[in-house]
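K.L.:
Fold the stuff below for me.
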Amino acid sequence: MQQVGEVNCAFYTMYSTRLFRIFIPLFCLWLAGCSLLPSEIKDAEKLMETDPDSALHLLQDFDMKRTMTKADRALYGLLYFKALDKNKLPLKPDSILNYSLDYYLSQNDEARLANCYFFKGRKYKYIQRYDQATLYYLKALDLLKNKKEYALLGKIYADMGDILSIQMEYNASREKYKISINYFNRAGKTLDASYRILDIGRTYHFAKDYKTAQQYYRQALSQNKDSIFCGVALQEIGINYYWAKQYDSAKYYLRQSLLYPHKYYNYAIRCYNLADLFYNTSQIDSANLYASIALKHPSNFYTQRECYRILANNAYFKGDFKQMAGFMTSFQACTDSVGKIEAQTKTTVLENIHQTNANAGKIKYYLLIIGWILPVIVLLSLFVMVRLRKRTLGKEQQLEQAEQQLSQNQTLLSKKQTLLRRNLIQKIKDAKSTLASVYKKSTPAQRETMDIELYNSCLHVNDWNEFSILMNHTFNNLLSTLENTYPDITRKEMTWCCLFLLEIPTQEVLLLLEYKLDSLYKLKQRLVQKMNLKNAKELNLLLEQKIADK
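P.N.:
Just a heads-up that it's a prediction; the model follows:
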């Protein structure tokens, strides 16, 4: 019996050894198959900073039908969006990022969840939904407190600075850019930090502090020699010179910027500004050329709108009314889109709300209620907007029919005068609308200064040569006619005539002429006498007639 037991034991030992030898290779093959995808994901993660193109190709080659764990799929989605962002491609589809976001939210992985929130916010920023973008950025910042994710923090604060700048919150925008510069420097990303210096200069440019803006542009240009960056810096310097009315310098730098490589909307911006420069210097063909080139490149609604404005005006000058109508339709569509963007809740408001939420639980409860109410308000607002839009379209169609009926009885010159006059009045109204929020917060003295700057920008009231050229062009050589017909007429009297025809409010006329009300009354009486008229009413009729005459 003992011998039989020993034989059985030896048999089972030999059988177990053979089975083990077969199982081990099969187990290794199974492990290799299971670890293949994570290995490729890790390779893409390693390549992300040094070679984002290869990382993207590696991720795009994945067969999504293959079996993956939830963790692998979530990491794949995060890396895929990071690769898209680094290659400056549209951040889609949403389903991939949403899966990663939900997974990391369930796992409480704060670092990777913050990245998901950032890409979600940047996606909304690219489609100009700035309110939604801001909410996601603030969520990401909450998760990144006391973490050393310097590069990500730099990107978030840079994006928030961009949004604040668009919303004309320039002081708040500069603060975000400065924080971003600090984080980028700590992350060793000096090129990104240099771009933020340009952004700070741009906020001063928007505030019409052209000298300070130029200092920041020069500082940034001296710190980095990257070819794309140099093109952007030269572009901003050229635009700054243009708004400072130094046209030769503006033309030089804008043309130089076209020689450099570009990304995003920069090429369209350069071409549009050259087009606007040529338009204002009456070089119509060059203005048309650059405006058309700008529209062929990626651009935002602001750039598209201004290009259509230039093309519409130039088509009118050439008498091509059919083409002008097409451009005006596109101009109006872009204007509507800009209006929707400007109607969004400002970042500063959302940031204050978010900060309050973090410090007070009760306010979170109330904001949750507001979150349910807001969609209803938005839907009601959209409904009202649609109804008003339909009514407006009906009125616009009636107005267009009336204008077409009237245009059959008018000369080409009369049409030109009417359109130019309306455009100039509208330009003033648009400029006032842009400054409305700043205007409300200003003192009376600041408002007067802003009014003077506005009219100097729109009408060149402070430059007689520019003013007279613009007014003669707009009002059928009115100033030249007045000078020839009434040799005793003064410049201030002629200036009043133009301001009257532009329907400038009396209070602002007094400010521009540096007159009091009684002085303005005396000016009108002198004009009545010089023109051999009976009263001011005849003076008004005479001016209207002068600009209507052939």
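
K.L.:
Show me the domain layout of this protein.
P.N.:
As assigned by automatic domain parsing, the chain contains the domains 40-147, 414-548.

K.L.:
Look up the closest residue to residue 315, ignoring the ones flanking it.
P.N.:
For residue 315, ignoring the flanking residues on the chain, the nearest one in space by C-beta to C-beta, 6 or more residues apart in numbering is residue 324 at 3.9 Å. For the C-beta atoms, the positions are set from N, CA and C on the backbone; glycine is no exception.

K.L.:
so which helix or strand takes in residue 137?
P.N.:
helix 130-143 (DSSP states H and E).

K.L.:
re the thing from before, I'd like the distance between the residue nearest to residue 315 and residue 158.
P.N.:
As judged by C-beta to C-beta, to the nearest Å, residue 324 and residue 158 stand 40 Å apart.

K.L.:
likewise residue 416?
P.N.:
46 Å.

K.L.:
got it, and residue 67?
P.N.:
Counting by C-beta to C-beta - residue 67 and residue 158 are separated by 39 Å.

K.L.:
What lies in contact with stretch 196-210?
P.N.:
Applying C-beta atoms under 8 Å, 6 or more residues apart in numbering, the contact partners of stretch 196-210 are 158, 161-162, 165, 168, 170, 173-174, 177-178, 180-181, 184, 212-217, 219-220, 223, 232-233, 236, 239-240, 243-244, 453.

K.L.:
Narrow the residues you listed to just the buried residues.
P.N.:
With neighbours counted using 16 or more other C-beta atoms under 10 Å, the contacts of stretch 196-210 contain these buried positions: 158, 161-162, 165, 168, 170, 173-174, 177, 180-181, 184, 213-214, 216-217, 220, 232-233, 236, 239-240, 244.

K.L.:
With adjacent residues omitted, what lies nearest to the residue nearest the centre of the chain?
P.N.:
By C-alpha atoms, centre = their mean, the chain has its centre lying nearest to residue 166, at 5.7 Å. Among residues not flanking residue 166 along the chain, residue 130 sits closest, at 6.9 Å (C-beta to C-beta, 6+ apart).

K.L.:
Next secondary structure after the lowest-mean-pLDDT helix or strand in the chain?
P.N.:
Every helix and strand in the chain was compared by mean pLDDT, DSSP states H and E; the lowest is helix 2-47, with a mean of 56. Once the chain leaves helix 2-47, the next helix or strand it forms, by DSSP H and E, is helix 52-60.

K.L.:
what residues does that next one touch?
P.N.:
Helix 52-60 is contacted from outside by 40-41, 43-45, 47-48, 76, 79-80, 83-84, 86-87, 89, using C-beta under 8 Å, 6+ apart.

K.L.:
what is the mean pLDDT for the helix or strand following that helix?
P.N.:
The C-terminal neighbour of helix 52-60 among helices and strands, as given by DSSP H and E, is helix 70-86. Helix 70-86 shows a mean pLDDT of 90.

K.L.:
Ok, stretch 324-335 next?
P.N.:
On average, stretch 324-335 scores 88.

K.L.:
can you check stretch 143-152 too?
P.N.:
Per-residue scores along stretch 143-152 average to 92.

K.L.:
Going by neighbour count, which residues of that stretch are buried?
P.N.:
Buried residues in stretch 143-152, defined by neighbour count with 16+ other C-beta under 10 Å: 143-144, 149-152.

K.L.:
Show the contacting residues for the nearest residue to residue 489 once chain neighbours are set aside.
P.N.:
Spatial nearest neighbour of residue 489, excluding adjacent residues (C-beta to C-beta, 6+ apart): residue 482 at 5.5 Å. Contacts of residue 482 were listed using C-beta under 8 Å, 6+ apart, and they are 489, 494, 497, 546.

K.L.:
for the second one, what are its contacts?
P.N.:
So that's residue 494. By C-beta under 8 Å, 6+ apart, the residues touching residue 494 are 479, 482-483.

K.L.:
start to end distance for stretch 59-67?
P.N.:
Terminal residues of stretch 59-67 lie 15 Å apart, using C-alpha to C-alpha, to the nearest Å.

K.L.:
Any idea how far stretch 323-333 is from the middle of the chain?
P.N.:
Centroid separation for stretch 323-333 versus its chain: 21 Å, with C-alpha atoms, centre = their mean, to the nearest Å.
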